[in-house]
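Q: I would like the atomic coordinates for the input below:
(2 chains)
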Number of protein chains: 2
Amino acid sequence: MRLITIDDVRDAATRIRGSVVRTPLVPAPWGDTERPLWIKPENLQPVGAFKVRGAFNALGRLTADERGRGVVAYSSGNHAQAVAYAAAAMSVQSTIVMPEETPNVKVAATRGHGAEVVLCGAGERERVADEVLARTGGVLIPPFDHPDVIAGQGTAGLEIAEDLPDVANVLVPVSGGGLASGVGTAVKALCPNARVFGVEPELAADTAQSLREGRRVDWPIADRNRTIADGLRSQPSQLTFAHLQRVLDDLFTVTEDQIRSAVRELALRSHLVAEPSGAVALAAYRSAALPPGPTVLLVSGGNIEPALLADLLSA
Amino acid sequence: MRLITIDDVRDAATRIRGSVVRTPLVPAPWGDTERPLWIKPENLQPVGAFKVRGAFNALGRLTADERGRGVVAYSSGNHAQAVAYAAAAMSVQSTIVMPEETPNVKVAATRGHGAEVVLCGAGERERVADEVLARTGGVLIPPFDHPDVIAGQGTAGLEIAEDLPDVANVLVPVSGGGLASGVGTAVKALCPNARVFGVEPELAADTAQSLREGRRVDWPIADRNRTIADGLRSQPSQLTFAHLQRVLDDLFTVTEDQIRSAVRELALRSHLVAEPSGAVALAAYRSAALPPGPTVLLVSGGNIEPALLADLLSA
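A: Numbering: from 1, shown residues only, chains lettered A, B, ... in the order given. This next block holds a predicted model:
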């Protein structure tokens, strides 16, 4: 199995330049004095999440012929929006397979980006996606299990290394592991003294256990679904797990209360709206035994229900 | 009266580089198709507002001797925080005069930046500030009525022109007018075809009336205090009014309901927490007769009470 390299990430950065936001490192003077703090606000990307990086890179790597046949993704979350958005920007037809129970607002948003949405029953999305692929001859863009997607997400790490070369700690949410794989690859290559930490909810800590045991451990989806961090309920593939084993120094887990507090703190102190999945790195910064030194938290996304955000602010 | 020039803004940009965030233009694909939209998120600055630009420039222009005597500001708002923050970063002693009724959280935050806070009775802040100046020999840093402050705020406009040279419309909140004066000067110099529009609450529309009448009109503070946009209750000085007459193409006014909706829309669609004063440019984008073309909204600050933000999200 070939793991991606810093050269893949550099290529991706060239490919997606101008299509995604070059997010700044936002200083957070309210961090603790031993660990000066910066935020990488990926919630400011179009569609509100880092996912556009991988989507633009994967689509940009397609041949003209492949682009002509269109792309397919299955997702009810940020990946769906990102593929639809990137495809529209590149004048590529996209079909997104979403579960029937997906909130209307997300279906409408995906259609708003110009995608064709195909609704499917629970547990049927892979079968339905296969049907669409067979019918259209299109290309599947997976949410994390692909080197081009991983390299695209890694461009966020490249930017961290460029902007803060003496970074000591980088904290990144882990779900399917594409973001942490890419960011870790870039940061480790350019800042060999930096540590890269993954962060998971305690209630979906499959990767923490997997890394401890040195093999992928499967947690039932019913267990993973308990966390409020609805973007962190996936599990690494063989490919992303191999990256995580290589690039992560450790993985911290955080409680639901810590996640809720972190959403509130980001809104009030950094003026950033984060979804619960996007706020777990701050939760770990507040609770984990982190080495001293300049620290970057990656805030991965900002798509939160208004009522939930209001509730957390009132807490 | 000498008005600032683009050279003053360029000097300021060199002076404050590394001390403030080089905020990106965040694309807002949810804007209307005739007026593609970008946000300049100045709420991501340290202390949560553009005010650090002017504060760093004004302090940076002081002689070593002046710095040794310290700086003084009177404000209960973002300017107080900005001067305290910039002074601490430059190892300059700062004294901030604040009204006794200032919320404790703001007094504590200002002290947290290392400032000495002197509380004073209503309407006494100028007299008390004069006493502090006489006692310490320090230098007063005014919130807007100073060329160095105006040039510092103008660096936000310089960045807009660098990042989007074909910008057609720039919308900026107006209170004392320092921000609009500086941004307008930079944008007009570098993008001569761009229009620069000020935005005010209807309930504090003194500058709209003043520009129509060609002279500064005074609105009673009791009237201006009615708006929820508590950062937009000041009035231009002779110096800033002269700039505004030169650089503004027009000034739009917005209602309280439009301001509230704009705070909500920025949180949910751009994932940015804006204070009401910071959101008026989006309110104008949604309601005013704006010419077509690429449009930039400057979101000036993000310091909002959690309960108010929760309330607006639940609306």
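Q: so where do the helices sit in the stretch 51-200 of chain A?
A: Under the criterion DSSP state H, counting those that start in this stretch, the stretch 51-200 of chain A carries helices at the ranges A:51-60, A:64-69, A:78-89, A:104-112, A:125-136, A:147-163, A:178-190.
Q: ok now the longest one, how far from the chain's centre?
A: This points to helix A:147-163. Computed by C-alpha atoms, centre = their mean, to the nearest Å, the separation of helix A:147-163 from the middle of its chain amounts to 11 Å.
Q: quick one, phi/psi of the residue nearest to A:Phe50 when sequence neighbours are not counted?
A: Excluding the flanking residues, the one nearest A:Phe50 by C-beta to C-beta, 6 or more residues apart in numbering or on different chains is A:Glu42, at 3.9 Å. For the C-beta atoms, the positions are set from N, CA and C on the backbone; glycine is no exception. Phi and psi for A:Glu42, reported as degrees, to the nearest 10, are phi -70, psi -10.
Q: A:Glu42 contacts A:Arg22, doesn't it?
A: No: between A:Glu42 and A:Arg22 there is no contact under C-beta atoms under 8 Å: 11.3 Å.
Q: which of these two has more neighbours?
A: Remark: of A:Glu42 and A:Arg22, A:Glu42 carries more neighbours, 27 against 15, as counted by other C-beta atoms under 10 Å in any protein chain shown.
Q: thinking again about what came up before, what separation do you get for the residue nearest to A:Phe50 and A:Ala134?
A: A:Glu42 sits 34 Å away from A:Ala134, taking C-beta to C-beta, to the nearest Å as the criterion.
Q: now A:Leu164
A: Per C-beta to C-beta, A:Leu164 is found 47 Å from A:Ala134.
Q: comparing the two, which shows the higher neighbour count?
A: Each of A:Leu164 and A:Ala134 has its neighbours counted (other C-beta under 10 Å); A:Leu164 has more, 20 against 9.
Q: let me see the contact set for that one.
A: Applying C-beta atoms under 8 Å, 6 or more residues apart in numbering or on different chains, we find A:Leu164 in contact with A:Leu25, A:Trp38, A:Pro294, A:Val296.
Q: buried sites along the helix or strand of chain A with the lowest mean pLDDT?
A: Sorted by mean pLDDT, DSSP states H and E, the helices and strands of chain A end with helix A:104-112, the least confident at a mean of 86. Neighbour counts over helix A:104-112 (16 or more other C-beta atoms under 10 Å in any protein chain shown) mark A:Lys106, A:Val107, A:Ala109, A:Thr110 as buried.
Q: how about those, which pair is most distant?
A: By the measure C-beta to C-beta, A:Val107 and A:Ala109 form the most distant pair in these, at 7.4 Å.
Q: smallest gap between the stretch 151-300 of chain A and chain B, at which residue?
A: In the stretch 151-300 of chain A, the residue that lies nearest chain B is A:His271 (3.1 Å; C-beta to the nearest C-beta).
Q: what sits against the residue nearest to that residue when sequence neighbours are not counted?
A: Leaving aside its sequence neighbours, A:His271 sits nearest to B:Gly302 (C-beta to C-beta, 6+ apart; 3.1 Å). B:Gly302 is in contact with A:His271, B:Asn43, B:Leu44, B:Gly48, B:Ala49, B:Leu272, B:Val273, B:Ala274, B:Glu275, B:Gly278, counting by C-beta under 8 Å, 6+ apart.
Q: give me phi/psi at B:Gly302?
A: According to degrees, to the nearest 10, the main-chain angles of B:Gly302 amount to phi -130, psi 20.
Q: and if you look at the one 10 residues further on?
A: Phi and psi for B:Leu312, reported as degrees, to the nearest 10, are phi -70, psi -30.
Q: which ones are touching the closest residue to A:Ala115 other than its chain neighbours?
A: The shortest distance from A:Ala115 to any non-neighbouring residue, by C-beta to C-beta, 6+ apart, is to A:Ala84 (3.6 Å). A:Ala84 sits next to A:Ala73, A:Ser94, A:Ile96, A:Thr110, A:His113, A:Gly114, A:Ala115 when contact means C-beta under 8 Å, 6+ apart.
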